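1. Predicted model, plus sequence, below.
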Amino acid sequence: MRRILCGLMAAGACSLALADMTPYAGIQYAYTDFKRGDVSTSLDSIVVRGGMRFDELFSAEARISTGIGSGSDGGVKAENRYNYGAYGVVTLPLGNEYTPYAMGGYTYARSEVGGERQRDDGVSYGAGVDWALDDLMSLNVEVLRSVRNDFTKQTVVGLGVKYRF
């Protein structure tokens, strides 16, 4: 009987700890300032994102995106094939409809420049703001430095919508 009671108490404590966890998903249009070697152009992407809000300050998020269209510089065509990443998000709860956040994590990027496939990855960081439309849905705008290394620099400006479940 004591074991059953302890098990019920532990399950109750876990459910209270998990009560603040809120899953969310969203979609964004992303404008990318793309530079690789001598090629510098702008590219468009669609980003699908999903995450878990652990409390009002911390979240974890995963993203995947694919390019729509291509760009060119000096006759050299560039395309965003796909990107994916994982990020930690720190939110500044202001208590009103605007919620600023900062994020950091890892991005893997696949692009095609001049007919050759390129691979880049590394540390990513950025900031944004959510604008609450109601208790479950918000609009957001953000800037993310998704890739920066010796070969490539990609800065993404995203505009999207997020839904909390």
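-> Arrived safely.
2. From what I see, Gly160 and Gln28 are in contact.
-> Yes - Gly160 is within contact range of Gln28, at 3.0 Å (criterion: CB atoms under 8 Å). The way it works is simple: take the backbone N, C-alpha and C, and place the C-beta from them, glycine included.
3. Of the two, which one has the most company?
-> Gln28 (23 against 20; other CB atoms under 10 Å).
4. Secondary structure element holding that one?
-> Element membership of Gln28 [criterion: DSSP states H and E] is strand 22-36.
5. From the contact counts, what lies against that strand?
-> With contacts defined as 3 or more CB pairs under 8 Å, 6 or more residues apart in numbering; DSSP states H and E, strand 22-36 has these neighbours: strand 39-53, strand 76-91, strand 98-113, strand 137-148, strand 152-164.
6. Can you add distance to Gly69 and mean pLDDT and give those strands back as JSON lines?
-> Below are these laid out as JSON lines (distance: least, CB to CB, whole Å; pLDDT from 0 to 100):
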{"stretch": "strand 39-53", "distance to Gly69": "5", "mean pLDDT": "96"}
{"stretch": "strand 76-91", "distance to Gly69": "8", "mean pLDDT": "96"}
{"stretch": "strand 98-113", "distance to Gly69": "12", "mean pLDDT": "96"}
{"stretch": "strand 137-148", "distance to Gly69": "18", "mean pLDDT": "95"}
{"stretch": "strand 152-164", "distance to Gly69": "15", "mean pLDDT": "95"}
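7. okay if I get those strands as JSON lines plus distance to Glu61?
-> Converted to JSON lines, the helices and strands packed on strand 22-36 look like this (distance: least, CB to CB, whole Å):
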{"stretch": "strand 39-53", "distance to Glu61": "3"}
{"stretch": "strand 76-91", "distance to Glu61": "5"}
{"stretch": "strand 98-113", "distance to Glu61": "7"}
{"stretch": "strand 137-148", "distance to Glu61": "11"}
{"stretch": "strand 152-164", "distance to Glu61": "10"}
